[in-house]
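Trainee: no FASTA, just this:
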């Protein structure tokens, strides 16, 4: 077990140096989206599902930013360490194995997500969208979502031959989830076929868990949502490990 | 310490290592020599458990590979062919984080950090970022990094490739120091001089096979004549003269190499060739290597 945390620790130490820029990014971006969408679009929409549109978007953004943070880290940063920087080659000359490296990376991605999530939660609280300390329960859910999205991205990274390859995954999978999985409007308003597809996607379930926790509404079918996230995690990790072994142990 | 028998590795049907047998005794320094593509790095990857075997048996520290990969790597230091130091850390941080991968805590390691930096002749440069270090400094830091776990076995893949002579001599001195400390070493190299200076035993590989083995001096004695005359200019006449004097002659481009066990006769014959520029030197491992692996380019 120490092995996985050694990888996590390495990434943490590097990230700590870049704390300034990452704070600006993690607080600045959601702030801008909330001001723009929450107040701008919210002016025309008013209320949605018994809450201000601003609160609706704010709670959705927490889920989508978990997805983006985990995906970017597990795509670009992991690829950088795996290929140009050859960090894993150095790690594989120590007692660490491929599984330690992969799990350490996923753990790290989820940690970074949770930090980003905490920043956004703070911003959201400033806008008055948070209804009580129960919203802190959103952070462990952000962590679980981060593990899920990082594992999925890892499947792509371990097969990628260049950074360009990630465009497929982002455009064909991540962006559609951002648009169709309930971040900006309830999935129920989609045509039935589209809604059915959205119900199979992990971001829908991350949103379904995070929104009620942030705005202080009761959770609906939490076990189902967790089960979907965990199923995506388990399947992706299994495949990513297979790909990583094939790539690194040749 | 290492013993391989019938060791094989193939990639998609192409045989990279085709059944090699060798062993390295504890405390010895062994060299794997061979042209590019001979299979040296593949053998090393198998020794480190980074590459599954396609056939044969391989034991390191008496444990079967690749099953014992984690245990073997815990007791082994590795200097890779291309530097893979962590560019996000300073020199000292590189050593610390690497020690952590072996489960060595920062507090335990603090006492050894300076000693390792000194060993690498990087005392006082601990705070330097990796991109500010020269190639030789990075190589030395890689060697220091390979020592963080106080390994019994050190594996070096082309430790001095691409370095200037000063840097190379410093690294040789350090490797001899490690050998005196009783470390077992396995190194690959293209530089025959390096193998002659450092290795107790060498294995010459070509196209996945070991084609010769032995102590460098003994291998030279066994394979080539003890004296070499290199002749530049007037190559045609020199070749004829040397051949008449009983030498074995090879022509490489515009240089004639005459190998002989009777140097006086050949020297006398070459003196008669007008304009010939003659260098007389003892045979080296390079002559053995070229004799065995040929002079064709290996790209």
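Mentor: Thanks, I have it. As the structure is a computational prediction, the values presented were derived from the model and not from experiment.
Trainee: And the strands in chain A, which stretches?
Mentor: Assigned by DSSP state E, chain A shows strands spanning A:47-48, A:51-52.
Trainee: Tell me which of these sits most buried.
Mentor: With neighbours taken as mean count of other Cβ atoms under 10 Å in any protein chain shown, the strands of chain A reach their highest mean count in strand A:51-52, at a mean of 18. In this view, the C-beta of every residue, glycine as well, is placed from N, C-alpha and C.
Trainee: what ranges do the helices span in chain A?
Mentor: A:2-17, A:19-33, A:42-45, A:53-72, A:78-82, A:87-91, A:98-126, A:138-159, A:166-169, A:175-180, A:192-199, A:202-215, A:222-248 (DSSP state H).
Trainee: List the buried residues for stretch A:27-40?
Mentor: Buried positions in stretch A:27-40, judged by neighbour count with 16 or more other Cβ atoms under 10 Å in any protein chain shown: A:27, A:29, A:30, A:31, A:33, A:34, A:37, A:38.
Trainee: among the helices of chain A, where is the model least confident on average?
Mentor: Lowest mean pLDDT within the helices of chain A: helix A:19-33, a mean of 83.
Trainee: mind giving me the domain split of chain B?
Mentor: Per the record, chain B has its domains at B:2-220, B:225-282, by automatic domain parsing.
Trainee: Show me which of the buried residues of stretch A:27-40 is closest to residue B:223.
Mentor: Distances from residue B:223 to the buried residues of stretch A:27-40, taken as Cβ to Cβ, are shortest for residue A:29 (68.5 Å).
Trainee: ok, now how distant is that closest one from chain B?
Mentor: Using Cβ to the nearest Cβ, to the nearest Å, residue A:29 is found at 24 Å from chain B.
Trainee: For that residue, which non-adjacent residue is closest in space?
Mentor: residue A:65 (7.6 Å; Cβ to Cβ, 6 or more residues apart in numbering or on different chains).
Trainee: What about the one you found, how many residues nearby?
Mentor: Per other Cβ atoms under 10 Å in any protein chain shown, the neighbour tally for residue A:65 reads 23.
Trainee: sorry, back to before: of the helices of chain A, which approaches residue B:196 most closely?
Mentor: Using Cβ to Cβ, the helices of chain A put helix A:87-91 closest to residue B:196, at 29.4 Å.
Trainee: Could you pull out the buried residues of the lowest-mean-pLDDT helix or strand in chain B?
Mentor: For chain B, using mean pLDDT, DSSP states H and E, the weakest element among its helices and strands is helix B:235-244, scoring a mean of 82. Judged by neighbour count using 16+ other Cβ under 10 Å, the buried positions of helix B:235-244 are B:235, B:237, B:238, B:239, B:241, B:242.
Trainee: List the contacts of that helix.
Mentor: For helix B:235-244, contacts defined as Cβ atoms under 8 Å, 6 or more residues apart in numbering or on different chains pick out B:229, B:231, B:249, B:251, B:254-256, B:258, B:260, B:266, B:269-270, B:272-274, B:276, B:278.
Trainee: Among these, which ones are in strands?
Mentor: B:229, B:231, B:249, B:251, B:255, B:256, B:258, B:260, B:278.
Trainee: Filter those residues down to the buried ones.
Mentor: B:229, B:231, B:249, B:256, B:258, B:260, B:278.
Trainee: Once you drop chain neighbours, what's closest to the first one?
Mentor: Same thing as residue B:229. residue B:258 is the one closest to residue B:229 (Cβ to Cβ, 6+ apart), at 4.3 Å.
Trainee: Beta-bridge partners for that neighbour, please?
Mentor: Residue B:258 has the following beta-bridge partners by DSSP bridges: residue B:229, residue B:249.
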